[in-house]
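Visitor: turn this into a structure:
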Amino acid sequence: QVQLVESGGGLVQAGGSLRLSCSASTRLSSYTLGWFRQPPGNEREFLGVISWSGGRTGYGDSVKGRFTISRDNAKNTAYLQMNSLKPDDTAVYYCAASASEWATSAGNYRYWGQGAQVTVSS
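Guide: Modelled structure (predicted):
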């Protein structure tokens with residue numbers, strides 16, 4: 001069982017930055033980690049993924065070039081650095097862990113955090 005906890009959400013003005021953290025209750029080095037978000041009334045959207053070693057990352061088109069995923073396996077923590085935020089980025093953000101080598105679909109992630117609210121004002 002892997003418990004994930006997101007932190008670092010909040011209110012930010014358009015154009016600003018936030019960094020979300022995802023802390024795990026157990027060793028994360030065996031898991032691929034993903035970030036997703038769900039705006040109000042919309043489906044969950046894939047944002048990005050990082051391999052277990054951190055050597056490979058992939059991003060969804062809506063955040064490519066603005067968001068960066070990283071991880072520190074020694075701290076059992078992953079990060080989502082969000083820059084140039086827009087009001088459309090307002091959503092609940094989730095981190096998730098998968099035993100798959102690579103996963104871009106929510107269905108491939110078994111463990112999820114509770115989510116962190118990010119609100120971007122115009």
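
Visitor: could you pull up the contacting residues of the most centrally placed residue in the chain?
Guide: When Cα atoms, centre = their mean is applied to the chain, the residue found nearest the centroid is Trp35 (2.6 Å). Neighbouring residues of Trp35 by Cβ atoms under 8 Å, 6 or more residues apart in numbering: 20, 22, 47-49, 67, 69, 78, 80, 93-96. Every residue, glycine included, has its C-beta placed from N, CA and C.

Visitor: adjacent strands (with direction) for the host helix or strand of Tyr93?
Guide: Taking DSSP states H and E as the criterion, Tyr93 maps to strand 91-98. Strand pairing for strand 91-98, determined by DSSP bridges: strand 32-38 (antiparallel), strand 111-112 (antiparallel), strand 116-121 (antiparallel).

Visitor: and the first one, C-alpha only, in CSV?
Guide: In other words, strand 32-38. Output in CSV follows, covering the C-alpha atoms of strand 32-38 (Å, rounded to 0.1, in the frame of the first residue of the first chain):
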residue,chain,number,x,y,z
THR,A,32,6.4,5.5,-12.1
LEU,A,33,4.9,8.7,-10.9
GLY,A,34,2.3,10.7,-12.7
TRP,A,35,0.5,14.0,-12.2
PHE,A,36,-3.1,14.7,-13.2
ARG,A,37,-5.6,17.4,-12.7
GLN,A,38,-9.4,17.7,-12.7
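
Visitor: strand partners of the helix or strand that comes right after that strand, parallel vs antiparallel please.
Guide: Stepping forward along the backbone from strand 32-38, the first helix or strand reached (DSSP H and E) is strand 45-50. For strand 45-50, the pairing partners within the sheet under DSSP bridges are strand 32-38 (antiparallel), strand 57-59 (antiparallel).
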